[in-house]
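Colleague: Fold the following, please.
(chains A and B)
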Number of protein chains: 2
Amino acid sequence: MKYPSGIKKVVTNNSNKATINYGNRGMNLESDLNITNEYYRDHDIAYIYKKPTPIKIGTVDYKIMKITEAYFESPSTTDYNGLFNGKYIDFEAKETNNKTLFPIRNIHKHQLTHLENIYKHQGICFIIVRFNKLNETYLLFAKDLFIFINNNDTSSIPLDYFKTHGYLLEENYHPRINYLKVLEKYGGA
Amino acid sequence: MKYPSGIKKVVTNNSNKATINYGNRGMNLESDLNITNEYYRDHDIAYIYKKPTPIKIGTVDYKIMKITEAYFESPSTTDYNGLFNGKYIDFEAKETNNKTLFPIRNIHKHQLTHLENIYKHQGICFIIVRFNKLNETYLLFAKDLFIFINNNDTSSIPLDYFKTHGYLLEENYHPRINYLKVLEKYGGA
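Modeller: All right, here's what the predicted structure looks like:
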């Protein structure tokens, strides 16, 4: 696995706790999850992949196999799924710049329906939400997501709900975001 | 679910047995599997999807969100995965015009590796192969695929191996190809 060279540990003081930052802190959640999943595969721990972005292909120049016209489509399922410990794993990952709330509209309606179906059929499913400005990433099981949605009229989940019902994911060197640890401990995997 | 209109049952004699053909016999295996999986979802039986084709995006006109340059990439995993009865399901589907053999090279090396990993980690995995000229479609569990590969020096699997170690999938109106029946009976799902 290739990491960008020159990564250094930098300890910064972030309000009342010390956080370890790694060189390419600028990486987004998707990149972090991709290298985490790559780590899991390289170490034969789990086989979880990000699905390719769905694209509607318009025109193809078949002589050079080049697509010259295509459009993005909205995904009908979540972005990530795979296999861990014989269990089906399924999740969606989102970032927000909001410091206190996660707006539920960030997850498409059909993605919520998908998570509901997966939950009903005994898949292990959850969302991973990163609060960019706080540098905090949480895992929230779909069960707790639906409990919130079914019991609240608001269109956003407060950060506090993630703190009390979700799990803060530590960031490390490798695996970058060890979310499988949470599944092993609390998620039946 | 929408079916093309004007579908009629047509009974044809195919060597020594009667086969029921449906109007759009011209449909390929991928279409058949897509409407089968749609049937499974519509009836809350299983949540199995074809992954989008992986595409490397070159240039995008962001004003109109149009992709103007992109290229096909070869898939690193199988085409289909999902959840059935709480089990992780993973498979690749291929057609061949060969009447007696299935050339193994039709499945990419990294797809074979993927199936091997899934098998090792207790996922339910298999290939579905359609012999176009014979109008026969077989399900072969990955376990039996690897037994063949590990014990034979040939680069093709004879049709007979599918007949003896695989399962002939009947084609019906809906679900079109009920491959989950084989998993329930023989595949531990």
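
Colleague: Where does residue A:35 fall, secondary structure wise?
Modeller: Per DSSP states H and E, residue A:35 falls inside helix A:29-42.

Colleague: so what's residue A:97 up against?
Modeller: Residues in contact with residue A:97 (CB atoms under 8 Å, 6 or more residues apart in numbering or on different chains) are A:132-133. Every C-beta, even on glycine, is put in place using the N, C-alpha and C of the backbone.

Colleague: Can you tell me how far it is from residue A:135?
Modeller: Applying CB to CB, to the nearest Å, the value for residue A:97 to residue A:135 is 12 Å.

Colleague: Check residue A:92 too.
Modeller: Distance from residue A:92 to residue A:135, by CB to CB: 20 Å.

Colleague: what's the neighbour count on residue A:65?
Modeller: Neighbour count for residue A:65, taken as other CB atoms under 10 Å in any protein chain shown: 9.

Colleague: swap in residue A:143?
Modeller: 14.

Colleague: what about the nearest residue to it once chain neighbours are set aside, how many residues close to it?
Modeller: Spatial nearest neighbour of residue A:143, chain neighbours left out: residue A:119 (6.3 Å); criterion: CB to CB, 6 or more residues apart in numbering or on different chains. Neighbourhood size, residue A:119 [other CB under 10 Å]: 18.

Colleague: Pull the distance from the host helix or strand of residue A:119 to the chain's centre.
Modeller: Using DSSP H and E, the element containing residue A:119 is helix A:109-120. Between the centre of helix A:109-120 and the centre of its host chain there is 15 Å, according to CA atoms, centre = their mean, to the nearest Å.

Colleague: picking that back up, how close does the residue nearest to residue A:143 sit to chain B?
Modeller: 10 Å (CB to the nearest CB, to the nearest Å).

Colleague: before we move on, what about residue A:112?
Modeller: 14 Å.

Colleague: picking up where we left off before, which is the next helix or strand following the helix holding residue A:35?
Modeller: strand A:46-50.

Colleague: Just the buried residues of that following strand, please?
Modeller: A:46-49 (16 or more other CB atoms under 10 Å in any protein chain shown).

Colleague: tell me which of those residues is nearest to residue A:186?
Modeller: Nearest to residue A:186, judged by CB to CB, of the buried residues of strand A:46-50 is residue A:46 at 16.3 Å.

Colleague: Could you give the bridge partners of that closest one?
Modeller: residue A:84 (DSSP bridges).

Colleague: List the contacts of it.
Modeller: Contacts of residue A:46 (CB under 8 Å, 6+ apart): A:37, A:40, A:82-85, A:89, A:180, B:121.

Colleague: Would you mind giving the secondary structure of the residue lying farthest from the centre of chain A?
Modeller: Distance to the chain centre peaks in chain A at residue A:63, reaching 38.3 Å (criterion: CA atoms, centre = their mean). Three-state call for residue A:63 (DSSP: H, G, I helix; E, B strand; the rest coil): coil.

Colleague: residues contacting it?
Modeller: By CB under 8 Å, 6+ apart, residue A:63 has no neighbours at all.

Colleague: how much space between it and chain B?
Modeller: Plainly put, residue A:63 is 13 Å away from chain B if you go by CB to the nearest CB.

Colleague: Work out for me the element the closest residue to residue A:45 other than its chain neighbours sits within.
Modeller: Nearest non-adjacent residue to residue A:45, counting by CB to CB, 6+ apart: residue A:180, 6.9 Å away. Residue A:180 is part of helix A:179-186 when elements are defined by DSSP H and E.

Colleague: Neighbour count: residue A:92 and residue A:135, which is higher?
Modeller: Between residue A:92 and residue A:135, residue A:92 has the larger neighbour count (other CB under 10 Å), namely 24 against 13.

Colleague: and chain A, which of its residues are near chain B?
Modeller: Taking CB under 8 Å from any CB of the partner chain, the part of chain A that reaches chain B is made up of A:41, A:44, A:46-47, A:49, A:51-55, A:57, A:65-72, A:76-77, A:81-88, A:90, A:114, A:117-118, A:120-123.

Colleague: just the buried members of those residues?
Modeller: A:41, A:46-47, A:49, A:51-52, A:54-55, A:67-68, A:70, A:77, A:81-84, A:87-88, A:90, A:114, A:117-118, A:121, A:123.

Colleague: Skipping its backbone neighbours, what lies nearest the residue most central in space within chain A in space?
Modeller: Taking CA atoms, centre = their mean, the centroid of chain A lies closest to residue A:93, which sits 2.8 Å from it. Using CB to CB, 6+ apart and skipping the chain neighbours, the partner closest in space to residue A:93 is residue A:128 (4.4 Å).
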